[in-house]
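[1] I need the structure of the sequence given here:
(one chain, ligands or ions: 3)
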Amino acid sequence: MAPVAISPIKVGKIDDVQELRKANSKIPERFVRDITERPKLATAALSSSSSSSLSSDIPIIDFSKLSKGNKDEVLSELLKLTAACEEWGFFQVINHGIDQSLLEQIEKVSNDFFMLPLAEKQKYPMAPGGVQGYGQAFVFSEDQKLDWCNMFALGVEPKFIRNPKLWPTKPGQFSETVEVYSSKVRKLCKSLLKYMAMTLGLKKDVFKEMFGVAVQAIRMNYYPPCPRPDLVLGLSPHSDGSALTVLQERKGSSVGLQILKDNKWVSVQPIPNALVINIGDTIEVLTNGKYKSVEHRAVTHRQKDRLSIVTFYAPSYEIELGPLPELVDENNPCKYRRYNHGEYSKHYVTNKLQGKRTLDFAKIQTNNSNQNPT
Ligand SMILES: COC(=O)C(/C=C/C1=C(C)CCCC1(C)C)=C/O[C@H]1C=C(C)C(=O)O1
Ligand SMILES: O=C(O)CCC(=O)C(=O)O
Ligand SMILES: [Fe+2]
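    Residues are numbered from 1 along each chain as shown. Ligands and ions are numbered 1, 2, ... in the order given. Predicted coordinates for the structure are as follows:
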């Protein structure tokens, strides 16, 4: 990816939401969403998110059946994976092989980082218009609405995308844990891509061979409780620019992740020790839209905080990509142009989160339904 030019972006004052929460002051106007964007809150009993139901329907894939199952188990799990990718773009993976102790460790160091004094976290600042470090990404103007979220993001692989000055010295074991965790998640992504290739009737190593040395980044999102969850968003609606995204929610987190399904926001119910996987824009393009990246957002909770640890896995910046020829025919005409993935990454990180609009970069035809989700 060509380096993002340092331009005089004016983003205005970005309040740190943990500090706002501590001060217990009125929510600044910059966080208050337009009425059309506000999440619809459920009753106090459900308390957390929107009027949408909690989804227990989001497919659950048992990874151990794919990797170690007998023939029938593999086949039935591959069918579930196909349906998950075609109908949801999101699924939860259980028995993924990453030790529970490592999941707990990454939750602990992430949480401990966010609990540090502000001055300590600000030693690793996200530059205006930047994506790595502590702060709020995807803010490009003074009038842009802000998310009720503090982020800490790091490029992990390949090594040249790292900014070593942004790897924190506190809490102890932070960097070591990120290294070990990222290598396990990388392995999982490679395997999942292999199984996804099989569901598409492609050579199992097609993505591995195409991706080169994959780019991997980690982002920790901390959502403090918000006194008016009905007015704000934890994270603006977006699809991920990656090939695959792996999301871990801290144990005991409130419900917060919502996905747009049939034009309705559906809340994802966390399953302890499971990982939430979603398809990113890159897989949508490669599969010519057979597997789509799905718009999602995060909402906040009045009393509970929430922490998510998100890994983005994407091809090398060097590769040129477009729909795989095997997935294009007269019934499935080519929907996306070919482009360089580095260019797409640059486009993604220099635009605000805006639903699925970022992918217009690659679309040959646009068909905007222009309906407001409920
Ligand atoms: C805040 O950052 C993001 O949300 C994000 C950025 C990821 C990246 C870094 C933190 C370091 C440099 C590489 C990269 C751009 C991946 C989202 O990542 C999505 C967007 C693209 C494109 C992608 O591959 O993942
Ligand atoms: O915190 C969440 O649930 C959503 C995070 C997310 O979508 C992201 O970081 O891209
Ligand atoms: Fe996301």
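
[2] Every contact and neighbour count from this point should use C-alpha atoms.
    Fine.

[3] Please give me every residue in contact with the residue of the stretch 151-300 of the chain found nearest ligand 2.
    Residue nearest to ligand 2 within the stretch 151-300 of the chain (Cα to the nearest ligand atom): L257, separated by 4.0 Å. With contacts taken as Cα atoms under 8 Å, 6 or more residues apart in numbering, L257 has the following neighbours: S267, V268, H296, R297, A298, V299.

[4] Now do the helix or strand where G342 lies: distance to the chain's middle.
    Following DSSP states H and E, one finds G342 within helix 341-349. Using Cα atoms, centre = their mean, to the nearest Å, the mean C-alpha position of helix 341-349 is found 16 Å from that of the whole chain.

[5] quick one: it near ligand 1?
    Yes. Counting by Cα under 6 Å from any ligand atom, contacts between helix 341-349 and ligand 1 involve S345, Y348.

[6] Whether that helix contacts ligand 2 - can you check?
    No. Judged by Cα under 6 Å from any ligand atom, helix 341-349 makes no contact with ligand 2; its nearest approach is 11.9 Å.

[7] Any idea how many residues pack against T300?
    Residues contacting T300 under the criterion other Cα atoms under 10 Å number 32.

[8] before we move on, what SS does it have?
    coil (DSSP: H, G, I helix; E, B strand; the rest coil).

[9] Just the pLDDT at the closest residue to R38 other than its chain neighbours, thanks.
    Nearest non-adjacent residue to R38, counting by Cα to Cα, 6 or more residues apart in numbering: L231, 5.6 Å away. L231 carries a pLDDT score of 97 in this model.

[10] Near ligand 1, which residues of the stretch 151-300 of the chain are found?
    A153, L154, G155, I161, Q216, A217, D240, G241, S242.

[11] Pairing partners for the helix or strand where the second one lies, with directions?
    Following DSSP H and E, the helix or strand that holds L154 is strand 150-157. In the sheet containing strand 150-157, its partner strands are strand 133-135 (antiparallel), strand 215-223 (antiparallel), by DSSP bridges.

[12] Ranking helices and strands of this structure by mean pLDDT, which lands last?
    The least trusted helix or strand in the chain, going by mean pLDDT, DSSP states H and E, turns out to be strand 54-55, with a mean of 62.

[13] got any ranges where the stretch 151-300 of the chain has weak pLDDT?
    The stretch 151-300 of the chain contains no residues with pLDDT under 70.

[14] So which residues of it form helices?
    174-199, 206-211, 281-286 (DSSP state H, counting those that start in this stretch).
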